[in-house]
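Student: Fold the following, please.
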Amino acid sequence: MIDLKFLRENPEIVKQNIKNKFQDSKLPLVDEVIELDAKLRTVKTEADSLRANRNKVSKEIGALMAQGKKDEAMAAKSKVTEFSERLAECEKLEEEYGEKVTAIMMQIPNIIDPSVPIGKDDSENVEVTKYGEPVVPDFEIPYHTDIMESFNGIDLDAARRVAGNGFYYLCGDIARLHSACLSYARDFMIDRGFTYCVPPFMIRSGVVTGVMSFSEMDAMMYKIEGEDLYLIGTSEHSMIGKYIDTIIDEDTLPHTLTSYSPCFRKEKGAHGLEERGVYRIHQFEKQEMIVVCKPEDSKMWFDKLWQNTVDLFRSLDVPVRTLECCSGDLADLKVKSFDVEAWSPRQKKYFEVGSCSNLGDAQARRLKIRVNGKDGKYYAHTLNNTVVAPPRMLIALLENNLNADGSVSIPEVLRPYMGGKEKLIPNK
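Tutor: Alright, predicted model coming up:
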C-alpha cells in the first residue's frame with residue numbers, strides 16, 4: 001500500500017505506474033480515493049471543531065448554574081446536545097469514508113522501481129545472468145516422477161485416494177533426499193548469519209491482507225472454516241506478520257531470518273504436463289529468507305538475497321539463471337522481483353525454483369511495522385526470497401545428477417545429511 005499523502009500530491013505518477021502494470025481498470029480508483037480523502041479530511045476537521053466546542057460549552061454550564069443563570073445553562077446544555085448529535089454523525093461518516101479509502105488504497109499497486117522492465121506478463125521477463133553450464137546428456141532423461149518411482153520414492157495414487165490431486169507421498173531415499181535439501185538449506189543460511197525460525201503455520205486475516213494483495217489471497221490461501229485463520233502459502237506470511245503493530249529500534253536493524261514451514265496453496269487453474277507430478281502442488285515444504293531493514297538498505301539486501309539462492313544451487317552443481325520480472329508480472333505489493341530458475345536437462349530449458357522480492361514499505365505500512373529512528377519513526381522495508389522449495393529443487397537435483405544407469409549422484413554437500421551416501425541406486 002502506497003502512502004496516501006504521496007498519492008494525493010502525485011496522482012499522475014500513481015496513474016502512470018498503474019498503466020505500466022497494465023491495470024488500466026484501476027485508473028479511476030486514483031480520483032475516487034482523492035475525492036473520498038478530501039471528504040474524510042473535511043469531516044475530521046468538523047468533528048475536531050465540534051469536540052472542542054462541546055468541551056468548552058460543557059465547562060461553562062457549571063459556572064452558569066453556580067451564578068443562578070439557569071436559563072442560560074439550559075440553553076448551553078441544548079447546545080451540547082446539538083454538538084453531540086452532529087459529532088455522532090461526523091464520526092459515522094469518518095468511519096465510512098475511512099473504510100472506503102483503505103479498501104481502495106489496498107487495490108492500488110505499489111510504485112515499482114524505475115529499473116523494472118515494462119512488460120505485460122511473464123513472457124516479457126528479462127534474463128539477467130546465467131550461472132553454470134547447462135548440459136544435456138546423451139541419454140534420455142525420464143519425467144521426474146518416473147525417476148522417483150524407480151527408487152520406490154513416490155506414491156501419487158495413494159495420495160489421490162487420501163487427499164485428491166495435487167498431493168503426494170515421498171518415500172525411502174527420495175523422502176530422505178527431500179529432508180536433506182531442507183536441512184542443508186537451513187544450515188547454509190545460518191552460516192550466512194541468518195537466524196533460524198519455525199513460525200506458526202496459520203495466520204489471521206489481518207496478517208493475510210497485510211502481506212499480500214486481494215487477488216493473491218483469493219488465488220492462494222486456504223481458509224479454516226468457522227475461524228479467523230488461514231493456512232500459510234509460505235513462511236514469509238507469518239514471519240512478516242511477526243512484526244505486526246510493532247516499533248523496532250533502528251539500532252537492531254537489519255533483522256535477517258530464515259524460516260522453515262510447510263506451505264499450502266490452492267493453485268487455481270489447469271496446468272500442462274510440465275506442471276504435473278510434484279511441480280505445482282497444494283502442499284509442499286520450503287526454506288525461506290526474510291529481511292526487515294532500513295529503506296536505504298533494501299536494494300543492497302535484495303541483491304544479497306537472490307545471490308544466496310544462486311550460490312546454494314551452484315554448490316549443488318545445478319546450473320541456474322536469474323530472471324527479472326517485468327512490470328506486468330509483479331504482484332501489487334512488489335517494488336522489484338527476480339526469479340531464480342534451474343536448468344532442466346529433460347526439458348532443455350530453465351524453470352522457476354525461487355523468487356526474490358523487495359516490497360519496499362508496502363507490507364510495513366499495512367501491518368504498521370515502524371522503526372524508531374534518530375529523526376523520528378518511519379516504516380521499515382521488507383524483503384523475502386526462497387532458499388529452497390524441495391519438490392521443485394528435487395526435480396532439478398534428480399535431472400542434473402542422473403546417470404545413464406539410472407542411479408543419481410548425491411552432491412557432496414548433501415552427503416552428510418544422507419548418512420554418507422554418494423549415490424542412489426534404483427530399485428527398478
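
Student: so who does residue 20 touch?
Tutor: By Cβ atoms under 8 Å, 6 or more residues apart in numbering, the contact list for residue 20 reads 112, 118, 327. To be clear about C-beta, it is placed using only N, CA and C from the backbone, and glycine gets the same treatment.

Student: Of those, just the buried ones, ChimeraX syntax please.
Tutor: A single ChimeraX command selects the buried members of the contacts of residue 20 (16 or more other Cβ atoms under 10 Å):
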select :112,327
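
Student: and which of the contacts of residue 20 is nearest residue 238?
Tutor: Comparing the contacts of residue 20 against residue 238 with Cβ to Cβ places residue 112 closest, at 26.0 Å.

Student: Need the residues that contact the helix or strand of the chain with the lowest mean pLDDT.
Tutor: None of the helices or strands of the chain scores lower by mean pLDDT, DSSP states H and E than helix 214-220, at a mean of 81. Residues from elsewhere that reach helix 214-220 (Cβ under 8 Å, 6+ apart): 106-107, 208-209, 212, 233, 265-266, 268, 331-332.

Student: For the lengthiest helix in the chain, which helices and strands make contact with it?
Tutor: Among the segments of the chain that qualify as a helix by DSSP state H, the longest is helix 27-66. On a contact count with 3 or more Cβ pairs under 8 Å, 6 or more residues apart in numbering; DSSP states H and E, helix 27-66 meets helix 4-9, helix 11-20, helix 70-105.

Student: Would you reformat those helices as JSON lines and include distance to residue 383 and mean pLDDT?
Tutor: Formatted as JSON lines, the helices and strands packed on helix 27-66 follow (distance: least, Cβ to Cβ, whole Å; pLDDT from 0 to 100):
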{"stretch": "helix 4-9", "distance to residue 383": "21", "mean pLDDT": "96"}
{"stretch": "helix 11-20", "distance to residue 383": "20", "mean pLDDT": "98"}
{"stretch": "helix 70-105", "distance to residue 383": "22", "mean pLDDT": "92"}
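
Student: right, and these - which one's nearest residue 142?
Tutor: helix 11-20 (42.7 Å).

Student: And the pLDDT at the closest residue to residue 396 other than its chain neighbours?
Tutor: The shortest distance from residue 396 to any non-neighbouring residue, by Cβ to Cβ, 6 or more residues apart in numbering, is to residue 342 (3.7 Å). The model reports residue 342 with a pLDDT of 97.

Student: neighbouring strands for the helix or strand that contains residue 342, and are they parallel or not?
Tutor: Residue 342 is part of strand 336-344 when elements are defined by DSSP states H and E. Strand partners for strand 336-344, identified by DSSP bridges, are recorded as strand 320-324 (antiparallel), strand 349-358 (antiparallel).

Student: buried residues in it?
Tutor: Those would be 336-344, for strand 336-344 by 16+ other Cβ under 10 Å.

Student: And for stretch 388-408?
Tutor: Buried residues in stretch 388-408 (16+ other Cβ under 10 Å): 388-402, 406-408.

Student: Output the strands paired with strand 336-344 as CSV; include the columns distance to residue 241 and mean pLDDT.
Tutor: Putting the strands paired with strand 336-344 into CSV (distance: least, Cβ to Cβ, whole Å; pLDDT from 0 to 100) gives the following:
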stretch, distance to residue 241, mean pLDDT
strand 320-324, 28, 98
strand 349-358, 16, 96
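
Student: so which of these comes closest to residue 158?
Tutor: Using Cβ to Cβ, the strands paired with strand 336-344 put strand 349-358 closest to residue 158, at 26.3 Å.

Student: With that, I have no additional questions.
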